[in-house]
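Engineer: have a look at this fold, sequence not included:
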């Protein structure tokens with residue numbers, strides 16, 4: 001499940017980069033990196049990061065669909 005969420009996140013980030021501009025995907029990539037190191041340094045489980053990553057991926061997909069529809 002984690003691998004699927006990871007692939008969806010990075011695919012959505014790359015597609016949004018192509019459709020729109022690099023500004024929004026870079027913000028989400030920064031949030032992903034911050035979450036990756038932040039969740040592990042706080043001692044939270046990997047499931048918390050997986051949920052965070054899934055939320056970021058869902059938001060990226062919504063933004064990408066909206067931008068490509070314009």
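Structural biologist: Sure, I can see it. Note that the coordinates shown come from a computational prediction; the quantities given were computed from them, not determined experimentally.

Engineer: only C-alpha atoms for contact and neighbour calcs from this point on.
Structural biologist: OK.

Engineer: so what's residue 63 up against?
Structural biologist: residue 16 (C-alpha atoms under 8 Å, 6 or more residues apart in numbering).

Engineer: which strand or helix spans it?
Structural biologist: Assigned by DSSP states H and E, residue 63 falls within helix 46-69.

Engineer: now residue 41: how far from residue 64?
Structural biologist: Residue 41 is 31 Å from residue 64, where distance means C-alpha to C-alpha, to the nearest Å.

Engineer: compare the two (neighbour count), which wins?
Structural biologist: residue 64 (22 against 9; other C-alpha atoms under 10 Å).

Engineer: ok, the closest residue to the more buried one other than its chain neighbours - how many residues close by?
Structural biologist: Nearest residue to residue 64, sequence neighbours excluded (C-alpha to C-alpha, 6 or more residues apart in numbering): residue 16, at 5.2 Å. Using other C-alpha under 10 Å, residue 16 has 23 other residues around it.
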